[in-house]
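> from the sequence below, what's the structure:
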Amino acid sequence: MDRNVWIRFIGESINGIAFMMLLPFLALYLKDKVDHIWEVGIVMGVSPLASVVGTMIGGRLADIYGRKPLMVGSMAGNAVVMLGFVWFDGFWAFVVLSLFLGFFNSLFHPAASAMVADVTEPDKRTEAFGLLRMGHNIGAAIGPLIGASVVLFSKQVIFMVSAMSMFFYAVIVLIWIRESLPKAEKKESFGDASQKEEKQDLPSPFQVILRDKLLFIFIITGVVISMSFTQTEGMLPLHFDQTLPNLTDAQNPFTYMLAFNGLLVVLFQFPISRWAGNRAIGKVMLYGCILFGFGLLAVGWLPQVFTAIGTSYWAIMLIFLAIYGIYTLGEMLMSPVQMTFVANLAPEHLRGTYMGAAGLQWILGGVTGPLLGGYLLDLGLGNILYTILGIGCIIAGIIYLSLDRWVDDRPSAESSVTQGNVSTVNQ
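Residues are numbered from 1 along each chain as shown. Reported below is the predicted structural model:
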């Protein structure tokens, strides 16, 4: 693969370590610094709101000024924000810092994803995105262990180490990553006044979403996938606590399932992505969604069955690990191919804009998922929650399959989106 991809793989590992060594202890750190627990929730909740702005403008800026400046600036900005959590105290200071953290973090991903698409052949993109996902999970596996060791000395040290890691990543990108914005587009960006004016006429991410029906349907469909991730990563231990009352907190299966998930991704994501790269994108997304949805349905209903028949703890653990293995396989099939689909859908000069627009599905799911999950779990209806999500994911797979087929029949997206035609698909 291109050198840029391998450098990003190293960077994703570093970035994963930086964020994951902090994430398990962020709420505990904030709790000691503010007056009320609900203030911690607000501080952590405003970050996704700022991500909406960053995701929308980040891709557009990457298409105008290049991928590299956005990547360097976002990582350096995140590093400064991390130090801000050490320098400043108080609720409102943390709210502002959390807003900037979400903003800078969301600037990075559209530019970085567009860069991967720029330097990778279409038949290798799934493999490339899978490699990067594996790098992130390497960091996710190591980061919490480092954080648990550092927190014994001081929680503030975690922020400092995270800031140093992000500065280091910014320097790596600045020195070794080469700019990948197509030369013709870059030349226009810094050309004469008429060329600049023409460049500024490129559509915004919101215009692209409204004009490209395939992208719009992809984003709406992806919201249920995003909601499902938020439930398995955040609410699943609460569901187990309600439905497996005989188990202690230390016996909650979630911790071990999460570790098993990370291990499987590190070991198998790259070969699975390589296999998927040679298959039809729509079929791979369908297979992934079916397996993913089956895993959600199983974790939704099996706990009640285990409690009713008095299943032993070790049997519960083994069955849940097997179920989560199926869930993780679906996740490994689906996630990289989603990025490949967007990269292939986007006109060359709008890759950053498309990547930024596609990120909206994760923000929408990140907001709506906890609201739905909190409401149903408060009523003791976790099985209904995971049934809705599981069936929704399977339906999403069918829609993805149709979208992939429609791509072959669509007219040129590059001309129609750029010129402002309201419809780019004649279905």
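> confidence score at Phe25?
Note on Phe25: pLDDT of 65.
> Glu121 now?
87.
> now Phe129
The model's pLDDT for Phe129 equals 84.
> helix or strand: which one has the residue nearest to it when sequence neighbours are not counted?
Using CB to CB, 6 or more residues apart in numbering and skipping residues adjacent in sequence, the residue nearest Phe129 is Pro336, 3.8 Å away. Bear in mind the C-beta positions are built from the backbone N, C-alpha and C, glycine included. Per DSSP states H and E, Pro336 falls inside helix 313-345.
> which helix or strand contains the residue nearest the centre of the chain?
With distances taken as CA atoms, centre = their mean, the chain has Trp362 as the residue nearest its mean C-alpha position (6.5 Å). Using DSSP H and E, Trp362 falls within helix 360-378.
> now that helix: average pLDDT?
Here helix 360-378 scores 79 as its mean pLDDT.
> tell me the gap between that helix and the middle of its chain.
Chain-centre distance of helix 360-378: 15 Å, with CA atoms, centre = their mean, to the nearest Å.
> show me what the helix or strand just after it is packed against.
Per DSSP H and E, the first helix or strand lying C-terminal to helix 360-378 is helix 382-409. Where contact means 3 or more CB pairs under 8 Å, 6 or more residues apart in numbering; DSSP states H and E, helix 382-409 is packed against helix 213-230, helix 236-243, helix 281-309, helix 313-345, helix 360-378.
> any idea of the angle the first one forms with helix 313-345?
For helix 213-230 and helix 313-345, the angle between their directions (axes from the mean of the first three to the mean of the last three CA atoms, to 10 degrees) works out to 160 degrees.
> helix 213-230 vs helix 360-378, what angle?
40 degrees.
> what helix or strand is the residue found closest to Gly262 once you drop the neighbours it is linked to in the chain on?
Among residues not flanking Gly262 along the chain, Ala141 sits closest, at 4.6 Å (CB to CB, 6+ apart). With elements taken from DSSP H and E, the one containing Ala141 is helix 125-150.
> buried ones in that helix?
Buried residues in helix 125-150, counted by 16 or more other CB atoms under 10 Å: 125-144, 146-147, 150.
> and the angle from that helix to helix 281-309?
40 degrees.
> just checking, what packs against helix 125-150?
Against helix 125-150 (3+ CB pairs under 8 Å, 6+ apart) you get helix 3-31, helix 91-119, helix 155-176, helix 253-276, helix 313-345.
> mind putting those in TSV, distance to Phe218 and mean neighbour count included?
Output for the helices and strands packed on helix 125-150, formatted as TSV (distance: least, CB to CB, whole Å; neighbours: other CB atoms under 10 Å):
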stretch	distance to Phe218	mean neighbour count
helix 3-31	23	20
helix 91-119	14	23
helix 155-176	28	19
helix 253-276	17	19
helix 313-345	7	20
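> including distance to Ala76, could those helices go into TSV?
As requested, the helices and strands packed on helix 125-150 are exported to TSV (distance: least, CB to CB, whole Å):
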stretch	distance to Ala76
helix 3-31	13
helix 91-119	8
helix 155-176	5
helix 253-276	28
helix 313-345	24
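> tally of neighbours for the closest residue to Leu385 other than its chain neighbours?
What sits nearest to Leu385 in space, not counting adjacent residues and going by CB to CB, 6+ apart, is Leu376, at 4.3 Å. Neighbour count for Leu376, taken as other CB atoms under 10 Å: 19.
> show me the contacts for Leu376.
By CB atoms under 8 Å, 6 or more residues apart in numbering, Leu376 lies in contact with Gly382, Ile384, Leu385.
> and of those, the nearest to Ser106?
Nearest to Ser106 among the contacts of Leu376, counting by CB to CB, is Leu385 at 26.9 Å.
> what's the domain layout of the chain?
3-195, 205-419 (automatic domain parsing).
> if we can go back for a sec, who touches the residue nearest to the centre of the chain in this structure?
Counting by CB under 8 Å, 6+ apart, Trp362 touches Gly222, Ser226.
> again, only this time at 6 Å
Counting by CB atoms under 6 Å, 6 or more residues apart in numbering, Trp362 touches Ser226.
> with Glu39 instead?
Residues in contact with Glu39 (CB under 6 Å, 6+ apart) are Phe91.
> any idea which helix or strand comes after the helix or strand harbouring it?
If you go by DSSP H and E, Glu39 is part of helix 37-65. Past helix 37-65, further along toward the C-terminus, the next helix or strand under DSSP H and E is helix 67-87.
> which helices and strands does that next one pack with?
helix 91-119, helix 155-176 (3 or more CB pairs under 6 Å, 6 or more residues apart in numbering; DSSP states H and E).
> leaving out the residues flanking it, which one is nearest to Ala76?
Ala76 sits nearest to Ala170 (CB to CB, 6+ apart), 4.5 Å away.
> touching, that neighbour and Val72? I think so.
Yes: between Ala170 and Val72 there is a contact under CB atoms under 6 Å: 5.1 Å.
> picking that back up, got the contact list for the residue nearest to Ala76?
Contacts of Ala170 by CB under 6 Å, 6+ apart are Val72, Met75, Ala76.
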